[in-house]
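Undergrad: I need the structure of the sequence given here:
(2 chains)
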Amino acid sequence: MALPPPDPQFVLRGTSAAIHTLHFSCGGQEPDVPVLFSGSENGFIHVWNLKTHRVNTALDGHGRKSVYCVETMGGNNRLLSQGRDQRICLWDLAEGRTSVTDSVFTEHVGFCRCSLAKVAQGRWLMATAAKGLDEVQVLELPSKTSVCTLKPEVGAKLGMPMCLKLWQLSCGSQPLLLAGYEDGSVVLWNVTMGKALSQLVCHQEPVMSLDFDSEKAKGISGSSEKVLRIWSLNEQQNLQVYRTHQLVNAGISDITIRPDKKILATAGWDHRIRIFGWKKLKPLAVLDYHTATVHCVSFSDHRSPRERLLAAGSKDHRISVWAIYTQT
Amino acid sequence: LSFIPGGLDCSISFVSYVLGKVCVHGRQKEILGVLVPRLTELTKSDCIWQRICWRLVECVPERWMEAVVLGFVQRAPGADVLSRLLGNLVVKNKKAQFVVTQKVLLLQYGHTTAVLQNLLGYLSLDSLRRALLLRVLQELLETWGSSSAVKHSPPEQQLYISKAILICLSHLKEPEIESCRQELLTSMMEGVKCHLDSSLPQLWRLGMVVAESISSKINTEGPVLKFEYEEDDETRELKSLLVQTPPLCVVPSLPDDDRSEKAGAALPSVPESNKKSQIAALVMPAEESDAELDSDDDLVPYDMSEDKELKIKAPVYIRDCIEVLTGSEDVDKWEATVKALESLIRRNPAATREVSVELAKILLHLEEKTCIEGFVELRQRAQVAVLTTDPIPVSKYLTSQFYSLNYSLRQRMDILDVLVLAAQELSCPKFHGKPKNSDAQKPRIQLLPGRDSSKDWRRIVDERIKSKARRFASGQCHVEPASSPNQFSSVAGHFFFPLIQHFDRPLTTFDLLGEDHLVLGRLVHTLAVLMYLAVNTVAVTAMGKALLEFVWTLRFHTDSYVRQGLLSCISSLLLSVPAELLLADVTEELLETQSWLGDVVEKDPDGDCRRLALQNLLLMENLKKKLEAVPS
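TA: Next up is the predicted model:
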């Protein structure tokens, strides 16, 4: 007899706007408080204290334009945020400061979230959609020097990049980028050489979100259709379709794989969060709390597995936080 | 009749005479049935026999040439055989040339496709004859593209000519196409215009298929003309003619060859589509069998039985529906409202009556906001529901809008469809409160104009005629439908008279008697249906008189679809208006109509019109007899 799905552990209210992005920062030692960063449609970034469930600070740096991506760069004192004002802002939050230290003007008018990957101590690579319609730019941070611009070949008609995932297998190896495009294909790029290695048509509709497990060389993508596609990367760096999963309702806004690679969560247009086992995409739970489309899901980076949390931000202005499958 | 090979220089003309005489007396089948296979065998490899055969045919006297040539063309199992048998007869003999290039193609249209294949293939096989082929194509295109021919010749002839054109095209080679490319293009443009102008869907399809084929031949690379139409057997057959299967040389010639050749050309379309679907099935990513141990077992799934498809709730009140349809930005709600509207209207008649005209107005202008399946049908059903719930004000609104400015043709025809469907519903008795789903109602929800509806009504009229002609009861006993008052009776006039009133007043955007003869045709058919449904109503005689006058004014209309409609009107009239009243009030007009019907039966080029006119004459006869039988 299966148990009914759990309720959220707690719900964060108070943004008074739809939430588009979430990011946990809980790996710090005491006395660092575990925090959750959220970006909203009204341009504010809220820093939530996960012990008191209240907002610590509200950051206003994007001219009241929607913030659709937040990431931390090593600890919770350096924040990166991306907004619809075509800017990426770098924040210094140490010791209670709330200032923007630097910004990058990407001239990107879409919704593609940038992707960060740490390549060395104090150095990151950031992939973001750029000015050109189908281009992806890779910058080195914090120097903001351009590493390369990835342009699909003329006539490829991929459309705008919709979602990115940048990673480096190990220090010293070449960074790779996975990009999902408007036409439904996912392309694997070699950043150093600036070349496309493989392309796979995953969906008939734009790829809304993707995530990749670099250890197992397997990735998953979702779009506005009723399918989730799992694809794999073989030794020749070629993408192949591995499995397809049919959904009950169409539309996926976000997918994220838990850092321990055991489960993954999807945020659906049908207001529901779904949990799957990552190994074989076994459906595990359907969390039905929100009353509007769920825009983002994020797993926390707690060091202790039992404290791990899952957060989901929705158009109904609420963030639901869940503790699910924390025993493993 | 066996030929003796010896005596090669004996005169064959005697045999030719015999052959000609026999053929002209109509015995082509018998004699050629024996002769052609023998000659086919003999001429296969033997040149001398070929020459004998040629001499044989050439010597047939002029006056019998046509019968002989026609017989050969019909009997020959293939174009190459025909070529062997007749040689260059068409080039040498004027009469034969006339028969082959003019008579069979342009003046007759009863021959089968196989005959056309034979004939045109024969013309294409020899360089001397190819010039004739080009000339034939030009003349065929001229006929195909002439607007008067399209308007006045029967559809069967047009189909025949289209087939001939396609077969000619399939035989043409590149350099020949090059040389006459410009003419082909011009004729194609003109022809397409005439075909699309007509009101019969069959002619549209013919025009479209031929134009597409011509375009694909003259533009081998680059964009090709492509129309959207429903494929049916006719269009598939036509398209298969474009591809020529190579003449069977080595296979022994059997009389069945030409049939299998044509079947071979038509069949590739079927196995191809089967293959494609198989390939599609293989391409579907196969679920890989996981040999991995299921170490996910430690993750126990939760209960997911509540996880169902998300349903957006539709509003429950009619006024809410109006709000959603007119203003709401929420497309999910809009979709749900459109889907639920008809049942809401039917369940809340009182509420609907309060806002009926407003609802009708919204529905008439409602356009698809999102892609819903069956949107047009949903909208139409909702409109019918509103109309049946509150007939008088809504019919007043709709009929006035029919003649107003700035509506599209589609909208005007929608109004007519809705009026007819509602009239049907109102006049049929209801079973347990649900509208009776008779056969008559089903094909009414149609998106193609009324060729289907006219057939449909003809069937009903036929049945009615049959039911009146036979007086014995049909042995089965069927359940009598529960009788209820005919709700159409009180509103029939409101549906009918406003429609018939203003048909001759042109507006700037809408001219029934001019360009918009398609809508006129639909209007006429609608009036026929309304007349038919008005049987036993109070207004029926007045309607009948008005309709008779209407038909009289339009009886010489050039569009055959309109004429069919007018004849259906007469049928409905004769069936619905009580005979005594008809004969009392409109005797003279009836007699005039009768003579007009007689004319139509003899002279109208359209087969359907002739048939309908004949039925009407029969109906009139029946009426007279019935009246005479009743002691006055």
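
Undergrad: and the residue of the stretch 501-632 of chain B found nearest chain A, what helix or strand is that in?
TA: The nearest approach of the stretch 501-632 of chain B to chain A comes at B:Leu518, 37.6 Å away (C-beta to the nearest C-beta). No exception for glycine: its C-beta is placed from N, CA and C like everyone else's. Take DSSP states H and E as the rule and B:Leu518 turns out to sit in helix B:517-533.

Undergrad: Check which element follows that helix along the chain.
TA: Helix B:517-533 is succeeded, C-terminally, by helix B:540-554 (DSSP H and E).

Undergrad: Just the CA atoms of the helix or strand that that next one is followed by, as CSV, please.
TA: Where DSSP H and E defines the elements, the next helix or strand beyond helix B:540-554 is helix B:560-576. Below are the C-alpha coordinates for helix B:560-576, written out as CSV (Å, rounded to 0.1, in the frame of the first residue of the first chain):
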residue,chain,number,x,y,z
SER,B,560,-25.4,24.0,-62.7
TYR,B,561,-25.2,23.9,-58.9
VAL,B,562,-27.8,26.6,-58.7
ARG,B,563,-30.0,24.9,-61.2
GLN,B,564,-29.9,21.7,-59.2
GLY,B,565,-30.9,23.7,-56.2
LEU,B,566,-33.8,25.2,-58.1
LEU,B,567,-35.0,21.8,-59.1
SER,B,568,-34.8,20.6,-55.5
CYS,B,569,-36.9,23.6,-54.5
ILE,B,570,-39.6,22.5,-57.0
SER,B,571,-39.4,18.9,-55.5
SER,B,572,-39.8,20.2,-52.0
LEU,B,573,-42.6,22.4,-53.1
LEU,B,574,-44.5,19.6,-54.8
LEU,B,575,-44.0,17.4,-51.7
SER,B,576,-44.9,19.9,-49.0
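
Undergrad: Counting by contacts, list what helix B:560-576 packs against.
TA: Applying 3 or more C-beta pairs under 8 Å, 6 or more residues apart in numbering or on different chains; DSSP states H and E, one finds that helix B:560-576 contacts helix B:451-469, helix B:517-533, helix B:540-554, helix B:587-603, helix B:607-629.

Undergrad: that older thread, would you check that my belief about the residue of the stretch 501-632 of chain B closest to chain A contacting B:Ser198 is correct?
TA: No - look at B:Leu518 against B:Ser198 with C-beta atoms under 8 Å: they stay out of range, at 9.2 Å.

Undergrad: okay, and the common contacts of those two?
TA: B:Tyr561 (C-beta atoms under 8 Å, 6 or more residues apart in numbering or on different chains).

Undergrad: gap between B:Ala114 and B:Val34?
TA: To B:Val34, B:Ala114 is 20 Å away according to C-beta to C-beta, to the nearest Å.

Undergrad: Which one's more surrounded, the two?
TA: Set B:Ala114 next to B:Val34 and count neighbours by other C-beta atoms under 10 Å in any protein chain shown: B:Ala114 wins out with 17 against 12.

Undergrad: Helix or strand for that one, just tell me which one.
TA: Judged by DSSP H and E, B:Ala114 forms part of helix B:113-124.

Undergrad: after that helix, next one along is what?
TA: Heading C-terminal from helix B:113-124 (DSSP H and E), you reach helix B:127-145.

Undergrad: what angle sits between that next one and helix B:113-124?
TA: 130 degrees (axes from the mean of the first three to the mean of the last three C-alpha atoms, to 10 degrees).

Undergrad: List the buried residues for helix B:127-145?
TA: By 16 or more other C-beta atoms under 10 Å in any protein chain shown, the buried positions in helix B:127-145 come out as B:129-130, B:132-134, B:136-137, B:139-141, B:143-145.

Undergrad: SS state for A:Thr266?
TA: Secondary structure state of A:Thr266, per DSSP: H, G, I helix; E, B strand; the rest coil, is strand.

Undergrad: What parts of the stretch 151-300 of chain A come near chain B?
TA: Near chain B, the residues belonging to the stretch 151-300 of chain A are A:241-244, A:248-249, A:262-263, A:270-272, A:277, A:279-280, A:282-286, A:288 when assessed by C-beta under 8 Å from any C-beta of the partner chain.

Undergrad: How about the residue nearest the centre of chain B, nearest residue that isn't a chain neighbour?
TA: Centroid-nearest residue in chain B: B:Gln202, 3.6 Å away (criterion: C-alpha atoms, centre = their mean). In space, and not counting its chain neighbours, B:Gln202 is closest to B:Pro155: 5.4 Å by C-beta to C-beta, 6 or more residues apart in numbering or on different chains.

Undergrad: my guess is that neighbour meets B:Leu200, correct?
TA: Yes - at 6.6 Å, B:Pro155 counts as touching B:Leu200 under the criterion of C-beta under 8 Å.

Undergrad: Compare these two (neighbour count), which wins?
TA: B:Leu200 (21 against 18).

Undergrad: per-residue pLDDT, that one?
TA: On the pLDDT scale, B:Leu200 is placed at 80.

Undergrad: tell me the phi and psi of it?
TA: Main-chain torsions, B:Leu200, degrees, to the nearest 10: phi -90, psi 130.

Undergrad: Wait, it touches B:Val562, no?
TA: No - between B:Leu200 and B:Val562 there is no contact under C-beta under 8 Å: 11.0 Å.

Undergrad: which residues sit in contact with A:Phe111?
TA: For A:Phe111, the contacting residues are A:Tyr68, A:Arg84, A:Met162, taking C-beta under 8 Å, 6+ apart as the criterion.

Undergrad: tell me which element the last one is part of?
TA: In other words, A:Met162. For A:Met162, the element it lies in under DSSP H and E is strand A:161-167.

Undergrad: which of the residues in stretch A:297-309 are buried?
TA: For stretch A:297-309, by 16+ other C-beta under 10 Å, it's A:Val297, A:Ser298, A:Phe299, A:Ser300, A:Asp301, A:His302, A:Arg308, A:Leu309.

Undergrad: Please work out which residues outside it touch it.
TA: A:9, A:22-27, A:34, A:36, A:50, A:254-260, A:265-267, A:273, A:310-313, A:321-323, A:326-328.

Undergrad: Among those, which ones are in strands?
TA: Using DSSP state E, A:22-25, A:36, A:254-257, A:265-267, A:273, A:310-313, A:321-322 are the members of these that sit in strands.

Undergrad: hmm, what's the outermost residue in chain B?
TA: No residue in chain B has its C-alpha farther from the mean C-alpha position than B:Asp298, which lies at 65.6 Å (C-alpha atoms, centre = their mean).

Undergrad: pLDDT at that one, what is it?
TA: 71.

Undergrad: any idea how chain A splits into domains?
TA: If you go by the TED database, the domain ranges for chain A are A:18-105, A:112-246.

Undergrad: Let me have those in a markdown table, extended by mean pLDDT and distance to B:Ser408.
TA: Below are these laid out as a markdown table (pLDDT from 0 to 100; distance: least, C-beta to C-beta, whole Å):
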| stretch | mean pLDDT | distance to B:Ser408 |
| --- | --- | --- |
| domain A:18-105 | 88 | 40 |
| domain A:112-246 | 88 | 32 |
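
Undergrad: In JSON lines: these, plus distance to B:Gly544 and mean neighbour count.
TA: Formatted as JSON lines, the domains of chain A follow (distance: least, C-beta to C-beta, whole Å; neighbours: other C-beta atoms under 10 Å in any protein chain shown):
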{"stretch": "domain A:18-105", "distance to B:Gly544": "66", "mean neighbour count": "18"}
{"stretch": "domain A:112-246", "distance to B:Gly544": "58", "mean neighbour count": "18"}
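
Undergrad: where in the stretch 301-450 of chain B is pLDDT low?
TA: B:328, B:429-450 (pLDDT under 70).

Undergrad: and it, which residues reach chain A?
TA: B:Pro301, B:Tyr302, B:Asp303, B:Met304, B:Glu306, B:Asp307, B:Lys308, B:Glu309, B:Leu310.

Undergrad: Now the residue in the stretch 51-200 of chain A positioned nearest to chain B: closest residue in space that isn't a chain neighbour?
TA: Nearest residue of the stretch 51-200 of chain A to chain B: A:Leu200, at 11.2 Å (C-beta to the nearest C-beta). Closest residue to A:Leu200 apart from its sequence neighbours, by C-beta to C-beta, 6+ apart: A:Leu239 at 3.8 Å.
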